[in-house]
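Colleague: Provided below for reference: sequence and predicted model.
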Amino acid sequence: MKALFIGTGSIGQRHLRNYIQIKNTTDNILLFKQTNGNLIIEDGEFGLKAKDCSSISEYYGVQETKDFSLALKYKPDVVFICNPSAYHIEYAILLSKIGSHVFIEKPLTIKTDLIPKMEKVINKNKTITMVGYQNRFHKHIIDIKEILKKEKFGGIISARFVWNTYLPDHHPYENYRKGYVANQDSGGGVAFALSHDIDIIQHFFGMPEKVFALIGGKSMLNINAIDTVSSLLQFSNSSISFPVSLHLSFAQGREERKFEILMEKALLKCDLKNNTLKIIDNKRKIIIDKQILNFKRNDLFLAEMNHFLDSVLKKTTTCITVAEGLKSVKIADAIYKSVDSKKLILL
């Protein structure tokens, strides 16, 4: 199997390391780089750390090119698209045309006008696709999906999702204002950059019928993108209509990532920072109280990678195809449209 990696930032290098670990070889791997940077980015005890080297490809023991025509001639079996979000779909179309199967980092795209062309190409070439939402492989997310599917605690009354983080902490080795996440036109802003929670919401509840959103006040981040947004989404399930609130922010120094789902018979509380899951019934009795000890975040990425490679080998669809990944793009796009228009957006 020949693999091509497009983009060698932190997520591109994470996928590269995991691919090498799973395949137990550095053979038949090509990097396509568009910059002259040679920064090795790895997970350390206190988060991402970086160091300069003479060559990323030499460090990992793989091949490298800056000529995309050579990358196409390489004819990779699998491609990992990890460059800025604004360019994801263009590369996916080009690689699908030559028969490669594509893994695309989230979000799938910010250019929704290219979606019909991409769908036509992947259907014609029977391309196996996957969008990088690794939290689908989190044990709590898997368990909650099953609980909601079986309606173990009755129908849903409402839900509340909160993800507060601090953008300067994400890549402390670089100027956060120069990254694509800080630029709305490159696919930045919280609704696209933190779309993992949008994916979890639609994974649990399906697509919303209506979306209304407001941005937060001016923060001290001074970026060219929306750094805080609060949204209200309306869903319908089994003839029951219910609201889901979503708050995303890059401006909070203390990391917070949690959600609550109120059902007819119980309240579900999940904390994805501390990896806890608790369900309390209406009589205040704790039904479920779990915490994943010794949690390793990279295990989610390994599970994601294994799923994609297994699907390619077996020629089966992945659990997060382009069509599935497009759903979170549509919701994020509706959030931004609501912010701009100050109106309720219908989906």
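Modeller: Structure's in. What do you need? Residues are numbered from 1 along each chain as shown.
Colleague: worst-scoring helix or strand of the chain, pLDDT-wise?
Modeller: For the chain, counting by mean pLDDT, DSSP states H and E, strand 47-52 ranks last in confidence among helices and strands (a mean of 72).
Colleague: Could you pull out the helices in the stretch 1-150 of the chain for me?
Modeller: Assigned helices in the stretch 1-150 of the chain, in chain order: 10-23, 56-60, 68-73, 88-97, 115-125, 139-150 (criterion: DSSP state H, counting those that start in this stretch).
Colleague: for the stretch 201-347 of the chain, same thing?
Modeller: Using DSSP H, counting those that start in this stretch, helices in the stretch 201-347 of the chain cover 298-314, 322-341.
Colleague: out of the ones you listed, which comes closest to residue 51?
Modeller: For residue 51, the closest of those is helix 298-314, at 18.7 Å, according to Cβ to Cβ. For glycine as for every other residue, the C-beta is placed from the backbone atoms N, C-alpha and C.
Colleague: Output that closest one as CSV, nothing but the C-alphas.
Modeller: As requested, the backbone C-alpha atoms of helix 298-314 are provided in CSV (Å, rounded to 0.1, in the frame of the first residue of the first chain):
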residue,chain,number,x,y,z
ASN,A,298,-3.9,9.3,20.7
ASP,A,299,-5.8,6.0,21.1
LEU,A,300,-8.8,7.7,19.4
PHE,A,301,-6.6,8.6,16.4
LEU,A,302,-5.2,5.1,16.2
ALA,A,303,-8.7,3.7,16.2
GLU,A,304,-9.8,6.1,13.5
MET,A,305,-6.7,5.2,11.4
ASN,A,306,-7.3,1.5,11.8
HIS,A,307,-11.0,1.9,10.8
PHE,A,308,-10.1,3.8,7.6
LEU,A,309,-7.3,1.4,6.6
ASP,A,310,-9.5,-1.6,7.3
SER,A,311,-12.3,-0.2,5.2
VAL,A,312,-9.9,0.4,2.3
LEU,A,313,-8.7,-3.2,2.5
LYS,A,314,-12.2,-4.6,2.8
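Colleague: circling back: same list, the helices of the stretch 201-347 of the chain, but as CSV with distance to residue 55 please.
Modeller: Below are the helices of the stretch 201-347 of the chain laid out as CSV (distance: least, Cβ to Cβ, whole Å):
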stretch, distance to residue 55
helix 298-314, 24
helix 322-341, 32
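Colleague: how about those helices in TSV, adding mean neighbour count, distance to residue 53 and mean pLDDT?
Modeller: TSV is the format used below for the helices of the stretch 201-347 of the chain (neighbours: other Cβ atoms under 10 Å; distance: least, Cβ to Cβ, whole Å; pLDDT from 0 to 100):
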stretch	mean neighbour count	distance to residue 53	mean pLDDT
helix 298-314	17	21	98
helix 322-341	20	33	96
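Colleague: quick one: which of the ones you listed is nearest residue 192?
Modeller: Comparing the helices of the stretch 201-347 of the chain by Cβ to Cβ, helix 322-341 comes nearest, at 5.3 Å.
Colleague: circling back: and of the helices of the stretch 1-150 of the chain, who's closest to residue 323?
Modeller: Nearest to residue 323 among the helices of the stretch 1-150 of the chain is helix 115-125; the distance by Cβ to Cβ comes to 7.5 Å.
Colleague: how many degrees apart are that closest one and helix 322-341 in direction?
Modeller: Computed with axes from the mean of the first three to the mean of the last three Cα atoms, to 10 degrees, the direction of helix 115-125 lies at 180 degrees from that of helix 322-341.
Colleague: Now for residue 297: which residues touch it?
Modeller: Neighbouring residues of residue 297 by Cβ atoms under 8 Å, 6 or more residues apart in numbering: residue 43.
Colleague: Show the model's pLDDT score for the residue located most distally from the centre of the chain.
Modeller: Computed with Cα atoms, centre = their mean, the maximum C-alpha offset from the centroid of the chain is found at residue 283, amounting to 36.7 Å. Per-residue pLDDT puts residue 283 at 96.
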